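Show me the folded form of this:
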Amino acid sequence: MTDTATATKITIYGAEWCAFCHTAMHYLDDKGVKYTYIDIDKDPKAGMEVIEKSGQRGIPVIDLGGDIIIGFDRPKIDASLKAHKLA
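Coordinates of the predicted model:
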C-alpha cells in the first residue's frame with residue numbers, strides 16, 4: 001500500500017436495509033479496500049452530514065478521499081479508486 005492509499009479515507013454512509021449499500025461494501029471488500037461504514041439510521045448526525053456532503057437524501061453515499069459518489073456507481077468508484085492509487 002502506498003502512502004497515498006494509506007492517507008485516503010473512505011466512508012460509506014448507508015443503512016442496514018439498503019441493498020445497494022451492502023453491494024458497495026462487498027465491492028470494496030472484494031478489492032481489499034478498507035473503509036468506514038456509518039449507519040445513518042443509528043447515527044442521525046451522520047445522516048445530516050451526508051445530506052450536506054451530497055446535497056440529497058439517497059444512499060449509499062461514498063466519500064472516497066473527498067470524491068462524493070452517490071449510489072453504487074461502479075465506474076465512478078473505479079475511477080476514484082484509480083485516481084487515489086487504490087486500484
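
how deep is the nearest residue to residue 18 once chain neighbours are set aside tucked in, by neighbour count?
In this structure, residue 18 finds its nearest non-sequential neighbour in residue 59, 5.4 Å apart by CB to CB, 6 or more residues apart in numbering. Every residue, glycine included, has its C-beta placed from N, CA and C. For residue 59, the count of nearby residues is 24 (other CB atoms under 10 Å).

what's residue 59 in contact with, if anything?
Shown in contact with residue 59 (CB atoms under 8 Å, 6 or more residues apart in numbering): 13-15, 18, 20-21, 40, 50.

Now with 7 Å, please.
13-15, 18, 21, 40 (CB atoms under 7 Å, 6 or more residues apart in numbering).

do residue 23 as well
Counting by CB under 7 Å, 6+ apart, the residues that residue 23 touches are residue 72.

Dihedrals phi and psi, it?
Per-residue torsions, residue 23: phi -60, psi -40 (degrees, to the nearest 10).

just residue 64 next, same as before
According to degrees, to the nearest 10, residue 64 has phi -110, psi 90.
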